[in-house]
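Q: Predicted coordinates and the sequence they were generated for:
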Amino acid sequence: MSKKLIAVASAAALALAGLVAIPTVATAAVGPFAVAIDGAATNSVSRDGTTSAKSYQINVPSADVLRFAAANNAVGTTNGTVSVVKLTVTTPGATDAITVTATGGVEVITDTVFDGGEATTATGTQTLSDVAADGNATIYAYTTSTTAGTVVVSSGGSSKTIFISGLSTHVYKLNLTATATAAISGDVTITGTAVDAFGNNLTTSVPEASWTVTGLGGNFTGAALTDTFTYDSTAKTYKMVVTNRSSAGSAALSVTLADAVKSVAVTAFGTPVLTAFFTVNAADLAAQVTALTAQVAALTADYNALAAKWNKRVASKTAPKKAVTLK
């Protein structure tokens, strides 16, 4: 073999060796798409978030702060400020784009915003985009409604829908009315609703022991009153009946709640209404009926006298109108 051919063969061999030695860059997928949910909520087989009926429950915020606690944490549903769930997203690619869409009362925020420590119920949004880091991302979700809404997380052509509903346990506003006038020792009825800061009826009714009705006036003075207490689970209304004062006159009633079921006042939620006051008149209704009957009789007599004069003019053809009917 000539020196020229040997040189060409050597160069080719070196080039081939160099190609074999070039390192490859890893492009394999990080893992299958998945969304794991965590939070101190009702987390069980019957509440796995797969359907509206099985919606994952978390507290409706009872204060304008958002806090997270891991599942099975004792503070769970007894503490209205633990009110977010964490969604840990795994994407097929290391830096895949993620889109999140929420419906109903559900809103979402990124971990960057949540970890800043200043997130409130006004911070969230119903649509956001994020990018995975090393195939992972964290999104937080909360809801201001006891009706189930959804969070749809999508990435790399895959998506997962999670149903979330709120658990409301703290009263922010009482909407009550009361009888204005009742018979002496008759029934005075107080009725209405108790809702949270977002207008939701509480998930479970406020128990009778948490209500106090106090009277002032006549034999009401200094008395705690409640003859009957009922709750309509369909209409979500409360009804309390007390016996009116035993003598004629006015009386006052106040309705208050135990601290354990009251929300804290939050400027962003408006002024709380956690006490109701009413003035009730105790009257002798029989005497009132007699007096009103006499008034009607007197008015009828006056009308008939005027009608008779008018009809006399009609009969004498001095008035161009028709006769009127007597009462």
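A: The structure has been received and is ready for your questions. None of these values were measured; they are calculated from a predicted model.

Q: Give me the residue ranges of the stretch 151-300 of the chain where confidence is low.
A: By pLDDT under 70, the weakly predicted segments of the stretch 151-300 of the chain are 284-291, 294.

Q: What ranges does it have for its strands?
A: Here the stretch 151-300 of the chain has its strands, by DSSP state E, counting those that start in this stretch, at 158-167, 173-178, 181-183, 187-195, 211-216, 228-232, 237-243, 249-257, 275-283.

Q: The fifth one - contacts with which helices or strands?
A: Of the remaining helices and strands, those touching strand 211-216 by 3 or more CB pairs under 8 Å, 6 or more residues apart in numbering; DSSP states H and E are strand 237-243, strand 249-257. For the C-beta atoms, the positions are set from N, CA and C on the backbone; glycine is no exception.

Q: picking up where we left off before, winner for burial among the strands of the stretch 151-300 of the chain?
A: Most buried of those by mean neighbour count (mean count of other CB atoms under 10 Å) is strand 158-167; its value is a mean of 21.

Q: Can you list the strands that it pairs with?
A: Applying DSSP bridges to the sheet, strand 158-167 is found paired with strand 56-59 (parallel), strand 149-155 (antiparallel).

Q: quick one, which of the ones you listed is nearest to residue 89?
A: For residue 89, the closest of the strands paired with strand 158-167 is strand 149-155, at 5.8 Å, according to CB to CB.

Q: buried residues in that closest one?
A: For strand 149-155, the neighbour count (16 or more other CB atoms under 10 Å) marks 149-151, 153-155 as buried.

Q: hmm, back to that, need the strands paired with strand 158-167 in a markdown table (columns: distance to residue 110).
A: Listed next are the strands paired with strand 158-167 as a markdown table, based on distance: least, CB to CB, whole Å:
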| stretch | distance to residue 110 |
| --- | --- |
| strand 56-59 | 18 |
| strand 149-155 | 12 |
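
Q: Figure out which of the ones you listed is closest to residue 169.
A: Comparing the strands paired with strand 158-167 by CB to CB, strand 56-59 comes nearest, at 7.0 Å.

Q: just curious, which of the buried residues of strand 149-155 is nearest to residue 220?
A: Top of the list for closeness to residue 220, among these and by CB to CB, is residue 149 at 46.0 Å.

Q: For that closest one, which non-adjacent residue is spatially closest?
A: residue 104 (2.3 Å; CB to CB, 6 or more residues apart in numbering).

Q: what are the phi and psi angles of that neighbour?
A: phi 70, psi -140 (degrees, to the nearest 10).

Q: I'd say it and residue 143 touch.
A: Yes. Contact criterion CB atoms under 8 Å: residue 104 and residue 143 qualify, at 7.1 Å.

Q: The two: which is more packed in?
A: Neighbour totals were compared for residue 104 and residue 143, and residue 143 leads with 32 against 20 (other CB atoms under 10 Å).

Q: ok, the more buried one - contacts?
A: Taking CB atoms under 8 Å, 6 or more residues apart in numbering, we find residue 143 in contact with 58, 60, 104-107, 149, 164-166.
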